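Chemist: below is the sequence, then the predicted model.
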Amino acid sequence: MSIDVPIDTKAQRLGNMINSYVLPIGWLVILTGMFWAGERAMYHKLFYIFLAFPTLLALILQPRLLKPLTSNPLFLAFLVFSAYTLLSIAWSDTENSTGSLVKRPLYIAMLLLSAGIIALRTPAQLEKCTRLASIFAALAAGLSLIYFMFFKMPELDNRLSGYGALYNPLLTAHVFGAFAAFWLGSWFQARNALSPLPIICLAVLGVAIIATGSRTPLVGLAAALGWLMIVGDRRRSMIAIGVVAVGILSLVLIHPEAITQRGVSYRPAIWMESLRQISEHPWLGHGYDSPMTVIIPGMKRTLADPHNIELGVLYAGGILGLALWMTLYGLAMYFSWIYRKQPAVTLAATWLVFGFAAGLTEGSAFMSRPKEHWFLIWLPLAMVYGQSLIHWTRNRAVKS
């Protein structure tokens, strides 16, 4: 005679399975998918199937998770910023449909919530999956370098552009740089300064970044190093400074064109023209997804963004939008500073600092579907959000 299992028990079991297995796998997929997905559309589908839908299902099966997930200050700041961004569509000249634009913050919310669920239910999985993805990224960078050196380097365009879903040197550098920041933080936390894994992975990713010809991740890594020098071990800081000095000197002697051949790439002129356009609607901005055209004398092509994520936010949302954006980052860094003694928090903050600094010289897609810019903005914010849930929940439990 069979015994009927209560529906609540079935739902709970399914929810636990999603929390323990499906979401960690989804997190691993979204971190590594850019390296093995054949094209951008496939990467989007991987996100929907392995992370967005399972996260939504987990919340339906376990509605009690909603309160701790959504009452977190970081998530509330994200909701306020998203609400204002969507409101700005009312005065935007965007050519995309409202329905298409509304989906974008929902995708980001699913990313944040997935990290939050993993952090609350199986916190060790978040760090393990991120570390595995970072190892995979170093392997992918190494293979890309080998292919580049043997088949692409002799060509006129001798910049590593990436393969598959990665096809642009600047965007590829975003992804490599994000994982390089992770390994930089891991090296600072390693017991031994000669620990081979972070050194090897960081070296491979560093060479791959140089091969892309993009200096954006170098700005981000410099900022990440500055953060680690403040919160990390002083001896490691001195070693890192010495290695960086030797690396820069070697690059200047061996291949000085890597630093000098493109100058500042018209960045000051681009930013000044962007600020001029921003001044036309300074307080509320031009509206979310409003098209932008930047014409610089001497440049053969027309640009469609300010090459600065914060200027992109300012252009779309005005001073009010930028204030909400900086509130989100301010809360994230405030939490990271308070809990800087926690290794996982410091690691997540290192990635966050990298992304913010790198975004000062490149990009504008602050709210988009899954793409390379997520490695600068939303993936590190999701990591910090997950850590804040762990420690905020723990402190709340102790106080009660």
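Modeler: Perfect, I can see it now. Keep in mind the model is a prediction, meaning the values are calculated, not measured.
Chemist: what are the ranges of the helices in the stretch 201-350 of the chain?
Modeler: Counting by DSSP state H, counting those that start in this stretch, the segments of the stretch 201-350 of the chain that form helices are 216-231, 234-254, 257-260, 267-278, 309-338, 343-358.
Chemist: do you know which of these lies nearest Thr94?
Modeler: Of all the helices of the stretch 201-350 of the chain, helix 309-338 sits nearest to Thr94, with 9.6 Å by C-beta to C-beta. In this view, the C-beta of every residue, glycine as well, is placed from N, C-alpha and C.
Chemist: what residues of the closest one count as buried?
Modeler: By 16 or more other C-beta atoms under 10 Å, the buried positions in helix 309-338 come out as 309-318, 321-322, 324-325, 328-329, 331-333, 335-336.
Chemist: pull the contacting residues for Thr293.
Modeler: Contact analysis of Thr293 by C-beta atoms under 8 Å, 6 or more residues apart in numbering lists 302-304.
Chemist: which of these are buried, as a PyMOL select command?
Modeler: Buried residues within the contacts of Thr293, by 16+ other C-beta under 10 Å, are selected in PyMOL with:
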select buried, resi 303
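Chemist: how many residues are close by Pro196?
Modeler: Number of residues near Pro196 (other C-beta atoms under 10 Å) recorded here: 9.
Chemist: for it, give me the pLDDT.
Modeler: You'll see Pro196 listed with a pLDDT of 96.
Chemist: do the same with Val204
Modeler: 97.
Chemist: before we move on, what SS does Thr361 have?
Modeler: For Thr361, the secondary structure call by DSSP: H, G, I helix; E, B strand; the rest coil comes out as coil.
Chemist: setting aside sequence neighbours, what's the nearest residue to it?
Modeler: Spatial nearest neighbour of Thr361, excluding adjacent residues (C-beta to C-beta, 6 or more residues apart in numbering): Thr216 at 5.0 Å.
Chemist: which residues are in contact with that neighbour?
Modeler: Contact partners of Thr216, counting by C-beta under 8 Å, 6+ apart, are 170, 173-174, 177, 358, 361-362.
Chemist: pLDDT for those - can I get that in a markdown table?
Modeler: Putting these into a markdown table (pLDDT from 0 to 100) gives the following:
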| residue | pLDDT |
| --- | --- |
| Leu170 | 90 |
| Ala173 | 95 |
| His174 | 94 |
| Gly177 | 97 |
| Ala358 | 96 |
| Thr361 | 91 |
| Glu362 | 86 |
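Chemist: where are the low-confidence patches of the stretch 201-350 of the chain?
Modeler: Along the stretch 201-350 of the chain, the parts satisfying pLDDT under 70 run over 251-252, 254-263.
Chemist: change it to 90
Modeler: The model of the stretch 201-350 of the chain has pLDDT under 90 over residues 210, 213-215, 232-237, 239-268, 295-304.
Chemist: same question, the stretch 1-150 of the chain
Modeler: Along the stretch 1-150 of the chain, the parts satisfying pLDDT under 90 run over 1-13, 15-16, 38-40, 147-150.
Chemist: do a quick rundown of the helices in it.
Modeler: For the stretch 1-150 of the chain, the helices defined by DSSP H, counting those that start in this stretch occupy 7-17, 23-36, 40-47, 53-61, 66-70, 73-87, 98-121, 123-147.
Chemist: most packed of those helices?
Modeler: helix 23-36 (a mean of 22; mean count of other C-beta atoms under 10 Å).
Chemist: just the CA coordinates for that one, please, in PDB.
Modeler: Taking C-alpha atoms only, helix 23-36 is exported to PDB below (Å, rounded to 0.1, in the frame of the first residue of the first chain):
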ATOM      1  CA  LEU A  23      21.600  27.000  -8.700                       C
ATOM      2  CA  PRO A  24      25.300  26.300  -8.000                       C
ATOM      3  CA  ILE A  25      25.500  24.600 -11.500                       C
ATOM      4  CA  GLY A  26      23.700  27.600 -12.900                       C
ATOM      5  CA  TRP A  27      26.200  30.000 -11.200                       C
ATOM      6  CA  LEU A  28      29.100  28.000 -12.700                       C
ATOM      7  CA  VAL A  29      27.400  28.100 -16.200                       C
ATOM      8  CA  ILE A  30      26.900  31.900 -16.200                       C
ATOM      9  CA  LEU A  31      30.600  32.500 -15.000                       C
ATOM     10  CA  THR A  32      32.100  30.200 -17.600                       C
ATOM     11  CA  GLY A  33      29.600  30.200 -20.400                       C
ATOM     12  CA  MET A  34      31.200  33.100 -22.300                       C
ATOM     13  CA  PHE A  35      34.200  30.800 -22.900                       C
ATOM     14  CA  TRP A  36      32.400  27.800 -24.400                       C
END
